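Student: below are the sequence and a predicted model; questions follow.
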Amino acid sequence: MRILFVEDDHTIASGLQYSLEQEGYSTVLCHGAQCAQKVITKELETIDLCLFDLSLPDGSGYDLCRLVKQQADIPVIFLTAVDDEVNVVMGLDMGADDYITKPFRIRELMSRIKSVKRRYDRTEVTQSVLTIGDVTIKTAQAIVLKNGQEIPLTALEYRLLLTFASHPGQVLSRDQLLGHIWDVAGDFVNDNTLTVYIKRLREKLEDDPQHPKLIQTMRGLGYRAGE
């Protein structure tokens, strides 16, 4: 697997690059946003995963994530010294798949990388087309349509929708949803993030998000997929 790794601290970058390569990963190391932008523009098809430091001297990891997600559905993990909900949710909202707060242990980062890749490689839905009311999911192309119009979703929003589509009429607890979305790394995820994604799905797919039909709570126990 080839990883685009962007970190402006040369000491941290050197040590982490060595650790990644010891684990068998191929790395493309950049110390700034401009270098990373060139790689994304010219070599993105050769990249399997991105590790972006949030704070860079000539840009932001947010901007790099946005650039990647505009071109391909490639996993992005943020490296951040800021562990607050606003920054984390903002990164996840623009399509990032996970984050890890500095300082961190190498083994923890390796676990995050493997978990994210498993989520991308795992095929949970075998049907090529799924329909929930006026929403159609074309799984082969990873396209979501509402009344024939394409609805843009982030990678995690799409996976959450697939989870609901795969369990019609069932009550799914938060733990079950996190298990489907986050796999074995679920313990690292702020539970509030799930609420954010449920809200965003409603806003994008519902005619009236305040009175949802596709996704609704049942006695506070969990969420029910559309019937």
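Tutor: Everything's here; your move.
Student: could you chop the chain up by domain?
Tutor: Per the record, the chain has its domains at 2-121, 129-224, by automatic domain parsing.
Student: same list (these) but as JSON lines, adding mean neighbour count and mean pLDDT.
Tutor: C-beta coordinates here come from the backbone N, C-alpha and C atoms, glycine included. Formatted as JSON lines, those follow (neighbours: other CB atoms under 10 Å; pLDDT from 0 to 100):
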{"stretch": "domain 2-121", "mean neighbour count": "17", "mean pLDDT": "87"}
{"stretch": "domain 129-224", "mean neighbour count": "16", "mean pLDDT": "72"}
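Student: am I right that residue 116 sits in a strand?
Tutor: No. Remark: residue 116 does not belong to a strand; assigned using DSSP: H, G, I helix; E, B strand; the rest coil, it is helix.
Student: the strands in this protein, which residues?
Tutor: 2-6, 26-30, 49-53, 55-56, 59-60, 76-80, 98-101, 129-132, 135-138, 143-146, 149-150, 171-172, 216-217, 223-224 (DSSP state E).
Student: need those strands in TSV with distance to residue 111, can you?
Tutor: As requested, the strands of the chain are exported to TSV (distance: least, CB to CB, whole Å):
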stretch	distance to residue 111
strand 2-6	15
strand 26-30	18
strand 49-53	13
strand 55-56	24
strand 59-60	26
strand 76-80	11
strand 98-101	10
strand 129-132	31
strand 135-138	30
strand 143-146	30
strand 149-150	34
strand 171-172	25
strand 216-217	32
strand 223-224	27
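Student: so which of those gets nearest residue 43?
Tutor: Closest to residue 43 of those, according to CB to CB: strand 26-30, at 7.2 Å.
Student: helices or strands up against the closest one?
Tutor: strand 2-6, helix 10-22, helix 33-43 (3 or more CB pairs under 8 Å, 6 or more residues apart in numbering; DSSP states H and E).
Student: contacting residues around it?
Tutor: 1-7, 13, 17, 20-21, 36, 39, 43, 47 (CB atoms under 8 Å, 6 or more residues apart in numbering).
Student: residue 120 is in contact with residue 77, isn't it?
Tutor: No. Between residue 120 and residue 77 there is no contact under CB atoms under 8 Å: 11.9 Å.
Student: return the residues in contact with residue 8.
Tutor: 31, 32, 53, 55, 56, 57.
Student: ok, now which ones touch residue 153?
Tutor: 144, 161, 201, 204.
Student: now the contacts of residue 8 in a markdown table, with distance to residue 110?
Tutor: Below are the contacts of residue 8 laid out as a markdown table (distance: CB to CB, whole Å):
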| residue | distance to residue 110 |
| --- | --- |
| 31 | 22 |
| 32 | 25 |
| 53 | 17 |
| 55 | 23 |
| 56 | 23 |
| 57 | 27 |
